[in-house]
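Undergrad: Pasting the sequence and the predicted model now:
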Amino acid sequence: MLNRPGATRTTTALAFLLTLAACGGAPPGGAGSGAGQTATLLYWQAPTTLNPYMSGGEKESHAASLVIEPLAEYDENGELVPALAAGIPTLGNGGLSADLTAITWTLEPGVLWSDGTPLTADDVVFTWRYCTTPGGGCAQASHFEGVETVEALDAGTVRVTFDGPKPFPFGPFVSSLSPILQQAQFGECMGADAVQCSDENFRPVGTGPYRVVAFRTNDTVELERNPRYRGIDHGLPFFDEIVIKGGGDAAAAARSVLQLGEADYAWNLQVEPEILERMESRGSGHVVSAFSTSVEHLVLNQTNPDRALGELRSEYANGTNPHPFLTDPAVGRALSLAIDREALVTVGYGEGGRPTCNIWPAAPASRNNDECLEQDIGLANRLLDEAGIVDTDGDGIRERAGVPLRIVYQTSTNTVRQTTQELIKGWWAEIGVATELKNVDSSVFFGSDLASPDTYGKFYADIQMYTNMAAGRNAEAYLGQWRTDEIPGAANSFLGQNTGRFHSGELDALHSELQRTGDPEQRDALIVALNDLLVQSYSVIPLIYRGSVSAHGGDIQGIRMSAWDSELWNIETWTRSP
């Protein structure tokens, strides 16, 4: 029932509440069934905007998902369910054209924006134009790859036409990364003006279960029940208010939920497994986890981040500003071989992680890169010796073409990540690489503040480490992040997803071929080829296939954690037991 093409998000939510009530949980009731109740969510990496088109961070898309919604989203099983759409288009129901060049969406009737105006197909068309207007630096541009036109056939029907057959047409307007924006609010925020629209980006008008009361960037989001939400007459959402609090760290967030009972939900608990187990044993809450496509990985800057370069620092500049040694695959391979991934999992992840050599860890997973699963310091040293990258002055640091292998290695502030950094620094010292460690507050690192030098989009370092994931099972959109046109720079407000500035005409061509290929076996082969090209270029070094780990209070019911989309995708069905 939950995933049938005609089952909307609201009907599935109602079905869940009725089941919960039958099992003795909170009844659906009428509007205000959670009257006076507030749920506190700890997103210790605080959001910097509530417009996911202006940031590639999960913290932004998760927070925004309570307010602005896509046409469809992914449930806890990675299956598509309708949100603003009346159903999921298929060949059988006529929503997909026979030649796979078009997809037609029908909007759920009667949906209102929180300001009382109706959602229409024009808003969907506008969202496409908003993200694809030159100069806007849209962080989610990969979702619209291959889109030729988006048309409003009538007020409730939208047709997306692609420039060729699109076997996976669920990139545009699907998942929390590609929600619908209100044209009336964002109409003046096109192109280069998009980043300047602070009021719109911080307080978007939405169709979701909540509306914004207050937003303090890098701090707190306060939301109240949207009185015009389509489930309001059926007691959806349960909670009157939601408060999303930022700051602190993952361990403090876990403690607040699992030990102290001060908050109701804590996201992204990258905390040592034995610490989480000890906290959970106190009985105040539960740890929940799920796997999808998240990989903790190193990004090797393919451009020169030397501050002496001024405005050219970490700029791709059409390939004229290469990194002095990280573009050499011999260096990248040696760095990868020196790492003991099993040790990283044991120390930092436990059952929530698995060693991986692939940037795309889900099916079809490549078996062509398994060399990295075994640490081999000896082979790493031999590779560098054979490449002529040796220590010529006896200071213990190798040089390539006279440039010492000195690396600034940055990531977000987190105890697990800092432990990972320390271990890797030690292993790299064994192969003659000097490493300076840098950690940046998560809200800044994953933010989009153009004034900050420390965002992962600017990448003013040699190597950085983080995790990202696909929207649902869409390998096409995920792997498209490494296309040349996704390279960040000053021209696009540093919002492209290809943070390593990797350029490969072969990858661009393979990805374009994937977009045109319908045969499932051929698509799988192309996904593997794209993964292998990235991994074997050593522009990225995968480390750990991560499960998403969060925690909720023992009295919170209805959580169906999805690692394929926003973890808050079904927050309207969350309740608190008496």
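TA: Looks like it came in fine. Numbering: from 1, shown residues only.

Undergrad: my guess is residue 550 is in a strand, correct?
TA: Yes: looking at residue 550 with DSSP: H, G, I helix; E, B strand; the rest coil, it is inside a strand.

Undergrad: So it sits against residue 265, correct?
TA: Yes: counting by CB atoms under 8 Å, residue 265 is a contact partner of residue 550 at 6.7 Å. For every residue, glycine as well, the C-beta is placed using N, CA and C.

Undergrad: Neighbour count for those two, which is higher?
TA: residue 265 (26 against 23; other CB atoms under 10 Å).

Undergrad: quick one: which helix or strand includes the nearest residue to that one once chain neighbours are set aside?
TA: The shortest distance from residue 265 to any non-neighbouring residue, by CB to CB, 6 or more residues apart in numbering, is to residue 41 (4.5 Å). Assigned by DSSP states H and E, residue 41 belongs to strand 34-42.

Undergrad: could you point out which element follows that strand?
TA: helix 58-64.

Undergrad: what's the following helix or strand after that following helix?
TA: strand 72-74.

Undergrad: Pull out the buried residues from the biggest helix by length in the chain.
TA: What stands out as the longest helix in the chain, according to DSSP state H, is helix 520-537. For helix 520-537, burial by neighbour count (16 or more other CB atoms under 10 Å) applies to 523, 526, 527, 528, 529, 530, 531, 532, 533, 534, 535, 537.

Undergrad: Report the mean per-residue pLDDT for it.
TA: Helix 520-537 shows a mean pLDDT of 96.

Undergrad: what sits up against it?
TA: 167, 329, 332, 357-360, 363-364, 366, 368-369, 475-476, 479, 482, 502, 504, 506-507, 510-511, 513-514, 517, 540-542 (CB atoms under 8 Å, 6 or more residues apart in numbering).

Undergrad: from those residues, which ones fall inside strands?
TA: Those of those mapping onto strands are 540, 541, 542, per DSSP state E.

Undergrad: What is the burial count for the last one?
TA: This points to residue 542. Residue 542: 23 neighbours (other CB under 10 Å).

Undergrad: ok, now the second one?
TA: Using other CB under 10 Å, residue 541 has 22 neighbouring residues.

Undergrad: Specify the beta-bridge partners of it.
TA: For residue 541, the beta-bridge partners are residue 298 (DSSP bridges).

Undergrad: residues touching it, list them.
TA: Going by CB under 8 Å, 6+ apart, residue 541 touches 297, 298, 300, 332, 335, 336, 339, 372, 535.

Undergrad: repeat for residue 565
TA: 65, 73, 74, 75, 175, 176, 471, 472.

Undergrad: Spatially nearest residue to the fourth one (excluding sequence neighbours)?
TA: Nearest in space to residue 75, with sequence neighbours left out and distances taken as CB to CB, 6+ apart, is residue 81 at 5.1 Å.

Undergrad: Local confidence estimate at residue 137?
TA: The score at residue 137 is 85. That number is its pLDDT.

Undergrad: for residue 30, same thing?
TA: 42.

Undergrad: Same check on residue 7?
TA: The model's pLDDT for residue 7 equals 52.

Undergrad: One more: residue 177?
TA: On the pLDDT scale, residue 177 gets 93.

Undergrad: and the residue lying closest to residue 329 once chain neighbours are set aside, what is it in contact with?
TA: Spatially, and ignoring its direct neighbours in sequence, residue 329 is nearest to residue 538 (5.0 Å; CB to CB, 6+ apart). Counting by CB under 8 Å, 6+ apart, residue 538 touches 300, 329, 331, 332, 333, 335, 336.

Undergrad: Go again with 6 Å.
TA: 329, 332, 333 (CB atoms under 6 Å, 6 or more residues apart in numbering).

Undergrad: which one of these sits closest to residue 433?
TA: Nearest to residue 433 among the contacts of residue 538: residue 332, at 11.3 Å, using CB to CB.

Undergrad: Give me the distance between that closest one and residue 56.
TA: Residue 332 is 23 Å from residue 56, where distance means CB to CB, to the nearest Å.

Undergrad: now swap in residue 316 and tell me
TA: Counting by CB to CB - residue 316 and residue 56 are separated by 17 Å.

Undergrad: neighbours of the closest residue to residue 229 other than its chain neighbours, just the number please.
TA: Using CB to CB, 6+ apart and skipping the chain neighbours, the partner closest in space to residue 229 is residue 209 (4.9 Å). Other residues near residue 209 come to 31 when the count uses other CB under 10 Å.

Undergrad: Contacts only, for residue 209.
TA: Here residue 209 is in contact with 226, 229, 237, 572 (CB under 6 Å, 6+ apart).

Undergrad: which one of these has the most neighbours?
TA: residue 572 (30 neighbours).

Undergrad: Tell me if it really is in a helix.
TA: Yes: assessed by three-state DSSP, residue 572 belongs to a helix.

Undergrad: Where in the protein is the helix or strand with the lowest mean pLDDT?
TA: Least confident helix or strand, the chain: helix 9-22 with a mean of 49, by mean pLDDT, DSSP states H and E.

Undergrad: Can you list the low-confidence ranges for the stretch 451-578 of the chain?
TA: Within the stretch 451-578 of the chain, not a single segment meets pLDDT under 70.

Undergrad: Tell me the spacing between residue 435 and residue 298.
TA: 12 Å.

Undergrad: try residue 516
TA: Taking CB to CB, one finds residue 516 at 31 Å from residue 298.

Undergrad: do residue 115 as well
TA: Distance, residue 115 to residue 298, by CB to CB: 45 Å.

Undergrad: out of the two, which sits in the more crowded spot?
TA: Comparing residue 115 with residue 298 by other CB under 10 Å, the one with more neighbours is residue 298, at 23 against 12.

Undergrad: I am assuming that one contacts residue 464, so please confirm or correct that.
TA: No: the criterion here is CB atoms under 6 Å, and residue 298 misses it with residue 464 at 7.3 Å.

Undergrad: partners of the residue nearest to residue 75 in the sheet?
TA: In beta-bridge terms (that is, DSSP bridges), residue 81 pairs with residue 73.

Undergrad: confidence score at it?
TA: 96.

Undergrad: Equivalent analysis for residue 96, please.
TA: 96.

Undergrad: give the contact list for residue 403.
TA: Counting by CB under 6 Å, 6+ apart, residue 403 has contacts 324, 325.

Undergrad: Any chance of the backbone angles for it?
TA: Dihedral pair for residue 403: phi -100, psi 120, per degrees, to the nearest 10.

Undergrad: Please tell me how far it sits from residue 425.
TA: Taken as CB to CB, the span from residue 403 to residue 425 is 19 Å.

Undergrad: ok, now residue 89?
TA: The value you get for residue 89 to residue 425, if CB to CB is used, is 50 Å.

Undergrad: Which residue of those two possesses the greater neighbour count?
TA: The neighbour comparison of residue 89 against residue 425 (other CB under 10 Å) goes to residue 89, with 26 against 16.

Undergrad: Could you look up the SS state of that one?
TA: Residue 89 is classified as coil under three-state DSSP.

Undergrad: Check it and give its pLDDT.
TA: 97.

Undergrad: Against residue 80, how distant is it?
TA: To residue 80, residue 89 is 10 Å away according to CB to CB.

Undergrad: again, but for residue 313
TA: Distance from residue 313 to residue 80, by CB to CB: 42 Å.

Undergrad: which residues in the stretch 101-250 of the chain form helices?
TA: 121-132, 183-186, 198-202, 250-258 (DSSP state H, counting those that start in this stretch).

Undergrad: most packed of those helices?
TA: helix 250-258 (a mean of 24; mean count of other CB atoms under 10 Å).

Undergrad: so what does it touch, helix or strand wise?
TA: Applying 3 or more CB pairs under 6 Å, 6 or more residues apart in numbering; DSSP states H and E, one finds that helix 250-258 contacts strand 265-266, helix 273-280, strand 540-553.
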